[in-house]
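[1] Sequence and predicted structure, then a few things I'm wondering about:
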Amino acid sequence: MTTEDNTLVAQARAGDERAFQQLVERYQRKVYGVAFGMLHDPEDAMDVTQEAFIRVHRYLDRFQGTSSFFTWLYRITVNLCIDHIRREGKAQTVDYDDSVAHAGAETSQLMPWSADGNPARSMDRKQLRQAIDRALATLSPKHRAVILMREVEGLSYAEMAEVMQCSKGTIMSRLFHARRRMQVALLDALEDKNKTAA
Amino acid sequence: MTLLPKWVVAGCMALGFALVTPQVAWGDNVQCTIRSMHGLEAPGGIDKRLAFLRKQLAKPPFSAYKTIKLLEAKQLLLPQNKTQQAKLPTGKILKLTFKEKLLERKDQLRLRLHLSITPPKQTKFLPGTLYTIADRGTLLVAGDRYQQGTLVVGITCQQK
Amino acid sequence: MTRGKDDRDLQRYFDGELRPRRARRIREEIEADAGARGRIAALESMRGMVRSASADAVDEADFGGLWARVRAGIEHEPPLGLRERLGFWLRRWGVVVATASAAAAVVLFVLVRPAHRPPPSNDAVIESLDVGPEAVGTIFTIAGSGETGQTTVIWVTETSAEGEE
């Protein structure tokens, strides 16, 4: 935990509202970014962001400091998002069974992109954003969470394992398959775009 | 006989007036909780978190639901005449506006609010209702179908 | 470089999760393998896209009212129940302190009973009601008992086939 976070948490625990506000303002964009990536709805994402900070405040006394404050906050956020998705009945994808070894190299390999087959080069910013949003939507909530935590927030495997309360091996597996699925979805989006343009 | 100075008399009158007349010294905000509750015919009981509404939810027409579960509770802070909104589990948007505070019935505080519940950018379901309710009182709005059951929305507001 | 298991090494290398010696070896293999270089480039490209999309979404959000909402939510949250608090201390300090806390709570309750606050009235006055074009609105009250008065209910029935989103 950074020294500054340490100080703010201690002050917030002692009832310093201003310190807690600083924590909120420090992490609100990150929390919202994860929530939006998971839920794809600005209002739901803001609701979850609000609830995450309310929960943090409620359980601040229980925060032991053995993990970083941010990891703890992430855990709360990801769990709230998963609960939200399940409650809304929108979890249409089936969670990939990480415990089962998946054979078949041809379906489980990372792919290189050719020069004209690279979505980043062939789409404008708006199209890319839509393609990313749609690709993320094809992932299960847990796979979405690992992609966002790794690619956007740069959490390590160990930190992600702590957030999701699972082993590093499971995180690696989820990340691998999530990336593979995203690549397929993005290439599909590129193909659709090329067909429309033709 | 010594007459009291005028400023003493005036001060006493002002004090007496202040004691007799209820002084309204509240802020201009109202804090509201929007509770989304799911009524289902399958057995399951009333959610413990809805204990404050238990008596009402156990009576008709709500007694038709063997399960009433609290799905979510959202907070809205309403400055006067500024509409705030919350998304309901059905996807409809609830919009609430605090209009004014009223003092009536033996110093009971009441709040006047405008409520609407509609699909985004549409005027279906409940485009608007203007109502007054006691401070901390709960209005129930029901009837929206949701996942093989009915959504019941409780709006509880209190002065801040 | 062979595929399958090696792709996982590639991922770990890309994420900076390999020990230095292994990372050096993988880097040498990548430099000698155009396919591996292509896969790394694809991962980098995808990471850039995800970051860019996320940054755009966050930039569009308005955080102006968030602190006020959080603060309001905190004020409205009920304090942790005695049971929750006791459980927390039990985990940390054991049974002795929990017993002492329970005894203290009993003494406090006997000495300082909270003043009785009457329940609020749910009897709303509906001044106007507009329902949607294919809906019927009904206002009724549920009779209360004891200290609780009536509770007002607005029931909206949509007559069209659509209802749930």
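    Cool, the structure landed. Source: prediction; values computed, not measured.
[2] Just to check, C:Leu66 is in contact with A:Met46?
    Yes - using CB atoms under 8 Å, C:Leu66 is in contact with A:Met46, at 7.0 Å. Glycine gets a C-beta too; all of them are placed from N, C-alpha and C.
[3] the more surrounded of these two?
    Just comparing C:Leu66 and A:Met46: by other CB atoms under 10 Å in any protein chain shown the higher neighbour count belongs to A:Met46, 23 against 19.
[4] Helix, strand, or coil at C:Ile139?
    strand (DSSP: H, G, I helix; E, B strand; the rest coil).
[5] Break chain C down into its domains, please.
    Taking automatic domain parsing as the reference, chain C has its domains at C:5-60, C:78-114, C:119-165.
[6] Between these, which has the poorest mean confidence score?
    Here the domains of chain C differ in mean pLDDT, and the lowest is domain C:78-114 at a mean of 61.
[7] Return the list of helices and strands in contact with the helix of greatest length in chain C.
    The longest helix of chain C (DSSP state H) is helix C:34-60. Counting contacts by 3 or more CB pairs under 8 Å, 6 or more residues apart in numbering or on different chains; DSSP states H and E, helix C:34-60 packs against helix A:17-39, helix A:119-122, helix A:125-137, helix A:168-197, helix C:5-14, helix C:20-31.
[8] Could you point out the helix or strand that follows the third one?
    Past helix A:125-137, further along toward the C-terminus, the next helix or strand under DSSP states H and E is helix A:141-147.
[9] what's that following helix in contact with?
    A:34, A:37-38, A:78, A:81-82, A:85-86, A:91, A:95-96, A:136, A:139, A:160, A:163-164, A:171, A:174-175, A:177-179, A:181-182, C:50 (CB atoms under 8 Å, 6 or more residues apart in numbering or on different chains).
[10] what do you get for stretch C:27-34?
    For stretch C:27-34, using CB under 8 Å, 6+ apart, the contacting residues are C:1, C:10, C:13, C:36-37, C:40.
[11] Tell me the buried residues in it?
    Across stretch C:27-34, burial judged by 16 or more other CB atoms under 10 Å in any protein chain shown covers C:29-30, C:33.
[12] where does the chain dip in pLDDT?
    Just so you know, I chose chain A. A:1-3, A:64-66, A:89-123, A:193-194, A:196-198 (pLDDT under 70).
[13] Actually, chain B is the one I wanted.
    B:1-27, B:104-107.
[14] Which residue ranges of it form helices?
    Counting by DSSP H, the helices of chain B are B:6-20, B:54-57.
[15] Need the residues that contact the last one.
    Around helix B:54-57, the neighbours that count as contacts under CB under 8 Å, 6+ apart are B:37, B:46, B:50, B:62-63, B:65, B:68, B:140, B:152, C:122, C:142, C:144-145, C:148, C:151.
[16] do stretch B:81-95 as well
    By CB under 8 Å, 6+ apart, stretch B:81-95 touches A:41, A:43-44, A:47, A:87-88, B:32, B:34, B:36, B:38, B:71-72, B:74, B:76-78, B:96-99, B:114-120, B:125, B:144-146, B:151, B:153, B:155, C:164-165.
[17] Next step: these restricted to strands.
    Using DSSP state E, the subset of the contacts of stretch B:81-95 located in strands is B:32, B:34, B:36, B:38, B:71-72, B:74, B:76-78, B:96-99, B:114-118, B:144-146, B:151, B:153, B:155.
[18] Now residue 28. Nearest residue, chain neighbours left out?
    Picking chain A for this. Nearest in space to A:Gln28, with sequence neighbours left out and distances taken as CB to CB, 6 or more residues apart in numbering or on different chains, is C:Phe63 at 5.2 Å.
[19] my question was about chain B
    B:Gln80 (4.6 Å).
[20] Enumerate the residues of chain C near chain B.
    C:68-69, C:72-73, C:75-76, C:119-135, C:137, C:142-145, C:148, C:151-158, C:163-165 (CB under 8 Å from any CB of the partner chain).
[21] Separate out the buried members of those residues.
    Going by neighbour count (16+ other CB under 10 Å), these have C:69, C:72-73, C:76, C:120-124, C:129, C:131-132, C:135, C:137, C:142, C:144, C:148, C:151-158, C:163-164 buried.
[22] how deep is the residue in chain C that chain A sits nearest to tucked in, by neighbour count?
    Across chain C, no residue is closer to chain A than C:Gly38, which sits at 2.7 Å (CB to the nearest CB). Under the neighbour criterion other CB under 10 Å, C:Gly38 is assigned a count of 16.
[23] Okay, it and A:Gln183: tell me how far apart.
    12 Å (CB to CB, to the nearest Å).
[24] Contacts only, for the nearest residue to B:Ala42 once chain neighbours are set aside.
    Leaving out its chain neighbours, the residue that sits closest to B:Ala42 by CB to CB, 6+ apart is B:Thr67, at 5.6 Å. By CB under 8 Å, 6+ apart, the contact set of B:Thr67 is B:38-46, B:149.
[25] just C:Thr141 next, same as before
    Here C:Thr141 is in contact with C:123, C:150-153 (criterion: CB under 8 Å, 6+ apart).
[26] Looking at the contacts of B:Thr67, which one is closest to chain C?
    For these, the nearest to chain C is B:Gly149 (9.7 Å; CB to the nearest CB).
[27] The closest one: what's it in contact with?
    If you count contacts by CB under 8 Å, 6+ apart, then B:Gly149 has B:38-41, B:65, B:67 around it.
[28] Just the buried residues of these.
    B:38-40, B:65, B:67.
[29] Farthest pair within those?
    B:His38 and B:Tyr65 (8.5 Å; CB to CB).
[30] can you list residues touching both of these two?
    Going by CB under 8 Å, 6+ apart, residues that sit against B:His38 and also against B:Tyr65 are B:149-150.
[31] And for residue 87, the neighbour number?
    No chain specified, so I'll use chain A. Other residues close to A:Arg87 by other CB under 10 Å number 15.
[32] sorry, should have said chain B
    Neighbours of B:Lys87 (other CB under 10 Å): 20.
[33] Now do it against chain C, distance only.
    Between B:Lys87 and chain C the computed distance is 10 Å (CB to the nearest CB, to the nearest Å).
[34] same check, this time on B:Gly154
    B:Gly154 is 9 Å from chain C, by CB to the nearest CB.
[35] In contact with the closest residue to that residue other than its chain neighbours: list those residues for me.
    Of all residues beyond its chain neighbours, the one nearest B:Gly154 is B:Arg35 (4.1 Å), with distances taken as CB to CB, 6+ apart. Applying CB under 8 Å, 6+ apart to B:Arg35 gives the contacts B:50, B:70, B:72-73, B:153-156.
[36] Tell me how far B:Arg35 lies from B:Leu140.
    9 Å.
[37] Contacts only, for residue 151.
    By default, I'm working from chain A. Counting by CB under 8 Å, 6+ apart, A:Glu151 has contacts C:46-47, C:50-51.
[38] Please refer instead to chain C.
    By CB under 8 Å, 6+ apart, the neighbours of C:Thr151 are B:53, B:56, B:138, B:140, C:122-123, C:141-142, C:144.
[39] out of these, who's nearest A:Ala131?
    B:Leu140 (43.7 Å).
[40] Excluding chain neighbours, give the residue nearest to that closest one in space.
    In space, B:Leu140 is closest to C:Val153, 4.5 Å off (CB to CB, 6+ apart).
[41] Hmm, that neighbour is touching B:Thr138, no?
    No - counting by CB under 8 Å, C:Val153 sits too far from B:Thr138 to count as a contact (10.1 Å).
[42] which SS state does A:Gly154 fall under?
    Under three-state DSSP, A:Gly154 comes out as coil.
[43] How is chain A divided into domains?
    Using automatic domain parsing, chain A is parsed into the domains A:3-88, A:105-197.
[44] Would you mind pulling the contact partners of the helix or strand hosting A:Ala12?
    Element membership for A:Ala12 (DSSP H and E) is helix A:3-13. Contacting residues not belonging to helix A:3-13 are listed as A:1, A:18-20, A:22-23, A:26, A:57, A:60-61, A:63, A:65, A:68-70 [CB under 8 Å, 6+ apart].
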